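Visitor: Build me a structure from this.
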Amino acid sequence: MPEYILFTESSPNVGGQELQLMQQMACLEKIGYRTILACRQGSNVESVARRKGLSLLPLKFRNSAHLPTIAALWRWMRVNRPVLAICHSGHDSNNLAVAARMLCKRPFLLRSKTYLSGPPSAWTYNRMVDATMLPSDCLRQSMLQNPAIHPGKLHVVYPGIDFAELDDSMGKPLPKAVEAWLAAGDGPVLAHAAMLRGEKGHMTLLAALHALRERWPNVRYVIAGEGGERERIVAEIERLGLQSRVLLAGMVSPVAALLARADLVVMPSSYEPLGMSQIEALGLGVPVVVSRTGGIPETVRDGETGLLAAPGDIDAWARALEQALSDPERMRRMAQAGRADVRARFAPEHNLRSILELAGLASPPQGQT
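Guide: Numbering: from 1, shown residues only. Below is the predicted model:
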């Protein structure tokens, strides 16, 4: 009988982490494990996972110590005896840890931590779970600023990118409005796929674009994403007179189709634990200009696979864009070097192997997922 691996996610919405765990579930199924996702009942996570054909255990996850959720997790684990349980958000991690510790034989508890929103609790990482996987060494070093956290509890596990799916998606049609806007102009296209939040750096890029208006009057900027900063971004576009050169495209799916159409993919974030957009772009062989912040430099080598600029520094960003736009052939060479690099380091099988090794479980053969 195949062994079970339990995933838990109390977040209601689907982002990069939620899509990553769904990909991990599919890969684990391919190599002979059985997987199931305990997620919030009625959430977007449940809806997307169901469409993907994943096994589900819908629960309420109302708080960090929700007794009906704890009881349901305990009952399911007592019957199915998972060898590994992978949690993420605070509510599901705590509920899972309590339920697991009421079992005579519990699974290995592995937490995925992708973002640090406040001071980390030593108790959470030292005692509540057996190990925590982090997407970058930068995030690991940030967490170790709390000297009470045991370094041996924190492990860097780079995410796995489904490059085969990216390859399949890059040629798919874009939304008609985006396609029409691209067809209406002939200047270089910058693409930025990120939520509309302050730390994603849209204001920096708009200011840099304005600074280059005389030298590069035809450069266009496509912003793909939604979020609370939309009105502020619209106001800044109007203030700088960039209405004809900037498109707020909303959510674009599949995003690979947009990245593949860009001359440059930009990530001007003020902070990123790792960042995915630049990895996906390089995986497609598209040149990138990104911020030198957080975990991004772990994915792009300045002057070798892309260009890095200081976050929030408008002059630095203007110089980097000028350099990239002035020498497209060099940027394409760097992007090809980046393609080979990220496809080797961020392959799904490497991600899966690291997870299984942390839990002391059988790993897939080299090259197999």
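
Visitor: Give the residue spans of the protein that score low on pLDDT.
Guide: The model of the chain has pLDDT under 70 over residues 364-369.

Visitor: for it, what spans make up the strands?
Guide: Using DSSP state E, the strands of the chain run over residues 4-9, 34-40, 56-59, 84-87, 108-112, 131-134, 154-156, 189-193, 220-224, 246-250, 264-267, 288-291, 307-309.

Visitor: mind giving me the domain split of the chain?
Guide: For the chain, the structural domains run 4-160+347-358, 164-345, going by automatic domain parsing.

Visitor: that older thread, mind giving me TSV with the strands of the chain and columns for distance to Glu357 and mean neighbour count?
Guide: Any C-beta I mention is one placed from the backbone N, CA and C, and that applies to glycine too. Output for these, formatted as TSV (distance: least, Cβ to Cβ, whole Å; neighbours: other Cβ atoms under 10 Å):
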stretch	distance to Glu357	mean neighbour count
strand 4-9	14	26
strand 34-40	18	22
strand 56-59	26	18
strand 84-87	11	27
strand 108-112	11	22
strand 131-134	11	22
strand 154-156	9	18
strand 189-193	32	24
strand 220-224	35	24
strand 246-250	40	19
strand 264-267	30	28
strand 288-291	30	28
strand 307-309	31	24
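
Visitor: Neighbours of the closest residue to Pro12 other than its chain neighbours, how many?
Guide: Excluding the flanking residues, the one nearest Pro12 by Cβ to Cβ, 6 or more residues apart in numbering is Ser43, at 3.9 Å. By the criterion of other Cβ atoms under 10 Å, Ser43 has 19 neighbours.

Visitor: what's near enough to touch Thr293?
Guide: Counting by Cβ atoms under 8 Å, 6 or more residues apart in numbering, Thr293 makes contact with Ser269, Ser270, Tyr271, Glu272, Pro311.

Visitor: The residue nearest to Pro12 contacts Asn13, correct?
Guide: Yes. With contact defined as Cβ atoms under 8 Å, Ser43 reaches Asn13; the gap is 7.4 Å.

Visitor: Would you enumerate the residues in contact with the nearest residue to Leu205 once chain neighbours are set aside?
Guide: Once flanking residues are discounted, Leu205 sits nearest to Pro268: 4.7 Å by Cβ to Cβ, 6+ apart. Applying Cβ under 8 Å, 6+ apart to Pro268 gives the contacts His192, Lys200, Gly201, His202, Thr204, Leu205, Ala208, Val290, Ser291, Ala309, Pro311, Trp317.

Visitor: Can you pull the phi and psi angles for Pro268?
Guide: Dihedral pair for Pro268: phi -90, psi 30, per degrees, to the nearest 10.

Visitor: Also the one 5 residues further on?
Guide: With angles defined as degrees, to the nearest 10, Pro273 shows backbone torsions of phi -60, psi -30.

Visitor: How about it: what's its closest non-neighbour residue?
Guide: Spatial nearest neighbour of Pro273, excluding adjacent residues (Cβ to Cβ, 6+ apart): Leu139 at 4.5 Å.

Visitor: What residues sit buried inside the longest helix seen in the chain?
Guide: Scanning the chain for the longest helix, with DSSP state H as the assignment, gives helix 328-345. Residues of helix 328-345 classed as buried: Met331, Met334, Ala335, Gly338, Arg339, Asp341, Val342, Arg343 (neighbour count, 16 or more other Cβ atoms under 10 Å).

Visitor: again with stretch 81-99
Guide: Those would be 82-99, for stretch 81-99 by 16+ other Cβ under 10 Å.

Visitor: and if you look at stretch 116-135?
Guide: Pro120, Thr124, Tyr125, Met128, Val129, Asp130, Ala131, Thr132, Met133, Leu134, Pro135.

Visitor: Roughly how far does the residue lying closest to the first one once chain neighbours are set aside sit from Tyr125?
Guide: This means Pro120. With Cβ to Cβ, 6+ apart as the criterion, Pro120 has its nearest non-adjacent residue at 4.9 Å, and that residue is Met143. From Met143 over to Tyr125 the distance is 7 Å, taken as Cβ to Cβ, to the nearest Å.

Visitor: can you check Val246 too?
Guide: Val246 sits 42 Å away from Tyr125, taking Cβ to Cβ as the criterion.

Visitor: With Ser269 instead?
Guide: Ser269 is 25 Å from Tyr125, where distance means Cβ to Cβ.
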